[in-house]
Each structure stands twice: as C-alpha cells, then as structure tokens.
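K.L.:
pasting the sequence and the predicted model now:
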Amino acid sequence: MVERKIRVLVAKPGLDGHDRGAKVVARALRDAGMEVIYTGLRQTPEMIAEAALQEDVDVIGISILSGAHMALVPRILELMKANGQDDVLLFLGGIIPEDDISQLKEMGVSGVYGPGASTEDIVTQIRADVLERA
Amino acid sequence: MKLSQALLNQNRLALSRILTQVENNSESGRSALNELFPHTGKAHLIGITGAPGTGKSTLVNQLALYYRKEKDYRIAILAVDPSSPFTGGAVLGDRVRMRDLSGDPNIFIRSMASRGSLGGLAQSTVAMVQVFDAAKFDVILIETVGAGQAEVDIAKLAHTTLVVEAPGLGDDIQAIKAGIMEIADILVINKADRPGVENTERALKGMLELAHPTRRVFQHHGQRMVVEAPSKAEEQNPIWIPEVKRTIAKDGEGINELCETIERHLTFLREGGEWVTRERTQLQSTFDSLLRENLFTRFLDELSPDAYEKTLSKIMKREESPWGAVEKILNGRKV
Ligand SMILES: Nc1nc2c(ncn2[C@@H]2O[C@H](COP(=O)(O)OP(=O)(O)OP(=O)(O)O)[C@@H](O)[C@H]2O)c(=O)[nH]1
Ligand SMILES: [Mg+2]
C-alpha cells in the first residue's frame, strides 16, 4: 500500500523580501512527513496558481507581511477556481488584522496563522483539514 | 471524459492529476499508463545530474528558455529531490530557480521527492516521464541530485545525460567521482565565472583521455540487459566521446553552445542506431521489473500463508535452505 503524501505549495507573494516565516513553516511541514514545494519570493497570484496546478498540491500556504492580503487572496482563490482546483486548501501566515480574518475565512481560506502560532498547531490543523476534504 | 483523453487534448489539470496517480502507483495510474503508452516514444529525454548546488536548476531554466525561444519546443521539467529518510518529508526547492518559466503554457514543471527509492531513481520517475512523453512534450528535462545509483539510473533513462560540475568543489582528479565518464554524454562546467575553472576543465579532460571510449552496456542488479550488436551505420560512427562545455547559467552564458552539443548528440543517437538500443534497454527494464513484481505477488497469492510460514520456519531451523525451498516450491507448482 502506498501511503498518500500530503503535498503543500509554500509561496511568498508581494514585494517585501522576508521569507523566514515561510521557510520555517516549510521545514516544519517537511518534518511532519509532508512534501513541500517551495517557490521562493515575490510570487504573483498567477505564479502561485500555476505552480499549484502543475504540482497538483493538496494545500497552498502563503506568507503575507505586506498587508496586501485583501487584494492577493481573492485573486489567488479566483485563479484556483478557474484552474479547477477549488478543492485545494489555502492557508495564510503573517500579520493579519482580526477583522480581515473572518472575511478571509468567508472567502474560503482554511486557516490564518499569526506570528504567535506554533508550527505544531499549523501541522495538526493542516492534517485535519486535508483529511476532512478528502 | 476520461482523464487520459483529456491529457491527450492538452488539459493541464488532467496531466497534473495523472502524474500524481502514477507517482502513487495507484490502480488508476497504471491504467492511465496503459492507455497512454501508444502515444509515447517521441520526446528527447535529457538528464541533468551533479552534486548539490552546482547550478542544475539554474541550467535547466536556461535550457528551457533556449528551447522555447530558438525551437518553439514544448518543454516538461521533472525535478527530483531526496526525501528525508527519517520523516519521509521533503522540501522541493528547484522551482525557485525557474521563475523565468512561469506564465508560459508550453512549459510544465513538476517537482517530485525520491520517496523510498533507496538512492536509486524511483520507478515512478520513469513512469512520470512517460506521461509527459504522451502529453507531446518535445523535450523532457529531468533534474536529479547526483549520487550513486540515482546517477546511473538517470543515465539509463535519459537519451542525453549532462553531468554538471562547478569549480572550487575540489579540483583534482580524485575529487571528481569515478564512473562519471560512463554516465556523462556532456560534461558541463557551470559557474565558469568562478576561479579555478581551468583546473576543473583540465581534470575533466584528463579523465576523458584516460577513459576507454567503449560502448556502454548497462548492468543493473543482475538484470539481463541485452545490447544489440552495432549496426553497419554504428560501425562507421561508433562512439560518442563526451564533450566538456563551460557555462555561466546564472547569466545565460554558454547556453547556445551547450544546446548545439546536445543537438549533435541527438543526431548521433538517431543516426547511429543508439536511440533504438537505448529505447530497448529502457523498455526491457520496465517490462522485466513489472514482470518480476507481478509474478512474485501472484505467486505469493497462490501460496497459502500457512505453507509459506511452514517453509520459513524450516529455513529458520536450518532444516531447509532458502535455495532448496524455492526449488521445491517451484517444482511442486503446475505451470
Ligand atoms: N557564480 C555562479 N553562480 C551560479 C551559477 N549558476 C547558478 N549559480 C548559483 O548557484 C546556486 C545554486 O544553484 P541551483 O541552480 O539551485 O543549483 P542546483 O544544482 O539545482 O542545486 P540543488 O538542486 O540544491 O542540488 C544559486 O545560488 C545560483 O544562483 C553560475 O553560473 N555562476
Ligand atoms: Mg536544483
């Protein structure tokens, strides 16, 4: 029996140059046995959706520090849908104001993790979310 | 519509989904391979291997740009990275160097982890390449980290194998791994902007002169590899001597020359009959391993678990040897 691997795309959209958080999450997911496709800095929504399509991932994780989440997230979700990937989970890391979080979740974001979130919690949550979708 | 039909109609989601099914060796993956097989056998498979960090992904990015611009080829990239032996997880980071390629519908990049392939190339890698082949990509670039069996396996799978070296990794002959000459069709010295490039080149050329340019015969774990006798055409043009090429992949320098050499190698393969020989070796290897796997499973299914356990315990007590037991079981079986 081949165990089904969880594949996750980790991307860092926006123009700010910090991907430390994204890398920490990528490593934590790897250590939890997942396969993480790391795409690096300055990814446009188009690049993220394209990579997710080619990699057939179960989950997309993006790190946004620039405050542009309310512009980026709907665009990514829209592109994912156009690609037939609306069953793929999207989670967010970064500093997101409380008011926006509920809105983002309504749009379909599966989780929002602030700087205080532990990587264990993120891993556990992603596993649970993927199982629920399957 | 069936997924494999959608793939043949150039549907990218279908391609991506089939790649996953094939990677997981699922029932649906195997039936897709069966349906797609008649459409394979056309793509030029190029392997890019070498030590970590030598610039393989950067080079792949440049090769793809060249083929898009100069030839209008459709390009597939399969980037293989090792899985962690402890957790089974992996961080696949080759795409970071390939951002120039995004937004082009004629390029498809897929990352894969080596999973449990014990240092060699996963059987699923070979199968995923077949899926790309059926999807009508003209060139399939396969990046693997050069290490032991994986390197030999990539040379077996690819039509043209590039081994990527970089100056400063230790420039003497000993530092360059033995066996490289059996693997490389083209030796690339990347990072030619770095000091020490002359030393690396001298070392590689020295090894080339030492190497006996004989025909390659692949021996793989006692697998039978029939290599056909060279044809007439081959006798006239019998061998390919690996060429050494310098590149600066991060600036796109030396890429045209490298691609011309790849093109020459392709002509050599096609005109010399080597293409067919390799095709046969590769397909035979696939056929044999499937046969072995399936015969074993089927045989075990027929054998009662009880009889299996009994024989094993006899072997444990040294009442019977593994050799004798196998012969006895096989003889008792009506074929
Ligand atoms: N100086 C110099 N650096 C280069 C050149 N080509 C690539 N690099 C750099 O070398 C580093 C590694 O490049 P990659 O393309 O990721 O190397 P790789 O062999 O694919 O690495 P792995 O997949 O991790 O084994 C990057 O920082 C590149 O920018 C070059 O021609 N010259
Ligand atoms: Mg690489």
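P.N.:
Looks like it arrived, so ask away. Ligands and ions are numbered 1, 2, ... in the order given.

K.L.:
break chain B down into its domains, please.
P.N.:
B:1-39, B:43-207+B:242-295, B:305-330 (automatic domain parsing).

K.L.:
end to end, how far does the longest one reach?
P.N.:
Same thing as domain B:43-207+B:242-295. Start-to-end span of domain B:43-207+B:242-295 (CA to CA, to the nearest Å) is 31 Å.

K.L.:
quick one: the helices in chain A?
P.N.:
In chain A, the helices defined using DSSP state H lie at A:20-31, A:45-55, A:69-82, A:98-107, A:119-133.

K.L.:
ok so, going back, deepest-packed of the domains of chain B, please.
P.N.:
When you average the neighbours per residue for each of the domains of chain B (mean count of other CB atoms under 10 Å in any protein chain shown), domain B:43-207+B:242-295 leads with a mean of 19. From N, CA and C alone the C-beta is placed, and that goes for glycine too.

K.L.:
that domain near ligand 2 at all?
P.N.:
Yes - Domain B:43-207+B:242-295 reaches ligand 2 (CB under 5 Å from the ion) through B:Lys56, B:Ser57, B:Asp94.

K.L.:
so the first one versus chain A, what's the distance?
P.N.:
Counting by CB to the nearest CB, to the nearest Å, the gap from B:Lys56 to chain A is 16 Å.

K.L.:
kindly report the same for the last one.
P.N.:
Shown here: B:Asp94 relative to chain A, a distance of 9 Å by CB to the nearest CB.

K.L.:
wait, that residue touches B:Glu143, no?
P.N.:
Yes - contact status for B:Asp94 versus B:Glu143: in contact at 6.1 Å, counting by CB atoms under 8 Å.

K.L.:
mutual contacts of those two, please.
P.N.:
Common contact partners of B:Asp94 and B:Glu143 (CB atoms under 8 Å, 6 or more residues apart in numbering or on different chains): B:Lys56, B:Ser57, B:Val60, B:Ala79.

K.L.:
among these, which are in strands?
P.N.:
Residues of those located in strands (DSSP state E): B:Ala79.

K.L.:
format the shared contacts of B:Asp94 and B:Glu143 as CSV; extra columns: pLDDT.
P.N.:
CSV is the format used below for the shared contacts of B:Asp94 and B:Glu143 (pLDDT from 0 to 100):
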residue, pLDDT
B:Lys56, 97
B:Ser57, 98
B:Val60, 98
B:Ala79, 97
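
K.L.:
nearest to chain B, out of the helices of chain A?
P.N.:
helix A:20-31 (3.8 Å; CB to the nearest CB).

K.L.:
so what touches the closest one?
P.N.:
The contact list for helix A:20-31, computed with CB under 8 Å, 6+ apart, reads A:8, A:10-12, A:36, A:38, A:61-63, A:65, A:93-94, A:115, A:119-120, A:122-123, A:126, B:84, B:87, B:89-91.

K.L.:
where in the stretch 51-200 of chain B is pLDDT low?
P.N.:
For the stretch 51-200 of chain B, the stretches flagged by pLDDT under 70 are B:117-120, B:147-148, B:169-179.

K.L.:
how about chain A?
P.N.:
A:1-3.

K.L.:
of all residues in it, which one is nearest the centre?
P.N.:
A:Gly61 (1.3 Å; CA atoms, centre = their mean).

K.L.:
nearest to ligand 2: which residue in chain B?
P.N.:
Using CB to the ion, the closest approach of chain B to ligand 2 is made by B:Ser57 at 3.3 Å.

K.L.:
and the closest residue to that residue other than its chain neighbours, what does it touch?
P.N.:
The shortest distance from B:Ser57 to any non-neighbouring residue, by CB to CB, 6 or more residues apart in numbering or on different chains, is to B:Arg97 (3.8 Å). By CB under 8 Å, 6+ apart, B:Arg97 lies in contact with B:Ser57, B:Thr58, B:Val60, B:Asn61.

K.L.:
residue of chain A nearest ligand 1, please.
P.N.:
Across chain A, the shortest distance to ligand 1 (CB to the nearest ligand atom) belongs to A:Gly40, at 10.5 Å.

K.L.:
these two touch, right, that residue and B:Arg95?
P.N.:
Yes - applying CB under 8 Å as the test, A:Gly40 and B:Arg95 come out as touching, 7.4 Å apart.

K.L.:
report the beta-bridge partner residues of the residue in chain A that ligand 2 sits nearest to.
P.N.:
Nearest residue of chain A to ligand 2, counting by CB to the ion: A:Tyr38, 11.3 Å away. Beta-bridge pairing of A:Tyr38 under DSSP bridges involves A:Val10.

K.L.:
for B:Pro85, give me its contacts.
P.N.:
B:Pro85 sits next to no residue when contact means CB under 8 Å, 6+ apart.

K.L.:
host element of it?
P.N.:
Using DSSP states H and E, B:Pro85 falls within no helix or strand.

K.L.:
how near is it to B:Asp301?
P.N.:
31 Å (CB to CB, to the nearest Å).

K.L.:
next one: phi and psi at residue 41?
P.N.:
Because you didn't say which chain, this covers chain A. phi -80, psi 160 (degrees, to the nearest 10).

K.L.:
my bad, chain B
P.N.:
According to degrees, to the nearest 10, B:Gly41 has phi 110, psi 10.

K.L.:
which of the residues in stretch A:99-112 are buried?
P.N.:
A:Asp100, A:Ile101, A:Leu104, A:Val109, A:Ser110, A:Gly111, A:Val112 (16 or more other CB atoms under 10 Å in any protein chain shown).

K.L.:
dump these to TSV, plus distance to ligand 1.
P.N.:
Below are the buried residues of stretch A:99-112 laid out as TSV (distance: CB to the nearest ligand atom, whole Å):
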residue	distance to ligand 1
A:Asp100	35
A:Ile101	36
A:Leu104	33
A:Val109	31
A:Ser110	30
A:Gly111	30
A:Val112	31
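
K.L.:
my read is that B:Gln62 contacts B:Gly254, right?
P.N.:
No - counting by CB under 8 Å, B:Gln62 stays clear of B:Gly254, with 9.0 Å between them.

K.L.:
okay, and the common contacts of these two?
P.N.:
Contacts common to B:Gln62 and B:Gly254, judged by CB under 8 Å, 6+ apart, are B:Thr247.

K.L.:
the helix or strand that B:Asn256 is a member of and ligand 1 in contact?
P.N.:
Using DSSP H and E, B:Asn256 maps to helix B:255-272. No - using CB under 6 Å from any ligand atom, helix B:255-272 never reaches ligand 1; the gap is at least 10.4 Å.

K.L.:
where's the very next helix or strand once past that helix relative to the chain centroid, distance-wise?
P.N.:
Using DSSP H and E, the helix or strand that directly follows helix B:255-272 along the chain is helix B:274-302. Mean C-alpha position of helix B:274-302 versus that of the full chain (CA atoms, centre = their mean, to the nearest Å) differs by 16 Å.
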